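Okay, structure incoming, though there's no sequence with it:
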């Protein structure tokens, strides 16, 4: 008998919480944005801590962007610039005219990413629209990880 008495109370409680469902659906983007903001603040803090060592800062940046892309499907911290490696004095003195025509990526992770990128583009060789989409998305992702023009040897389709 007690279960029959509690059933109407449970139904009333359930009906009372029904209007909250649309609010939860709207809270999703707001919650995600708060998570992105927190992740970007942590990312910026880690970069700041490594700013004294340009190579370490680049590594922190690359790993951070990979983690952000893995977590959010994109880099929500696009306004945080990639750190620039300190170039040795003789390399800075080389004029663009005498620089080699085929620039190589700065590190093994970047070289591997560029090889994979080129492979994906080659796989879409028969479909120009797909190749252009792969190029646009790949360039955006790799630029977020390695800075501007991450794969200079990969031609635009």
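Okay, I see it. Everything numeric here is computed off the predicted structure, so don't read it as measured data.

So which bits of stretch 52-65 are buried?
57, 58, 60, 61, 62, 64, 65 (16 or more other CB atoms under 10 Å). The C-beta positions use only the backbone N, C-alpha and C, and glycine is treated the same way.

lowest-confidence helix or strand of this protein?
helix 89-92 (a mean of 44; mean pLDDT, DSSP states H and E).

Let's see which of the buried residues of stretch 52-65 end up in helices.
The members of the buried residues of stretch 52-65 that map onto helices under DSSP state H are 57, 58, 60, 61, 62, 64, 65.

so the third one makes contact with residue 48?
So that's residue 60. No - using CB atoms under 8 Å, residue 60 is not in contact with residue 48, being 9.7 Å away.

residues making contact with whichever strand or helix holds residue 145?
For residue 145, the element it lies in under DSSP states H and E is helix 128-146. Helix 128-146 is contacted by residues 61-62, 65-66, 69, 75, 78, 82, 105-106, 110, 113-114, 117, 120-121, 124-125, 149-151, 154, 156-157 when judged by CB atoms under 8 Å, 6 or more residues apart in numbering.

I'd like the average pLDDT over it.
Averaged across helix 128-146, pLDDT comes to 85.

Could you look up the SS state of residue 113?
At residue 113 the chain is in helix, as set by DSSP: H, G, I helix; E, B strand; the rest coil.

ok, for it, nearest residue in space, not its chain neighbours?
Of all residues not flanking residue 113 in the chain, residue 142 sits nearest, at 5.9 Å (CB to CB, 6 or more residues apart in numbering).

Tally up the residues packed near the one you found, please.
For residue 142, the count of nearby residues is 22 (other CB atoms under 10 Å).

what's the distance between it and residue 123?
As for residue 142, its distance to residue 123 is 17 Å (criterion: CB to CB, to the nearest Å).

give me the low-pLDDT residue ranges for the chain?
By pLDDT under 70, the low-scoring segments of the chain are 1-27, 85-106.

now do 50
Along the chain, the model assigns pLDDT under 50 to residues 10-24, 88-102.

what's the domain layout of it?
29-87, 104-157 (automatic domain parsing).

Phi and psi next, for residue 55.
Here is the backbone geometry of residue 55 (degrees, to the nearest 10): phi -70, psi -40.

swap in residue 147?
phi 90, psi -180.

neighbours of it, just the number please.
Quick note: residue 147 (other CB under 10 Å) scores 18 neighbours.
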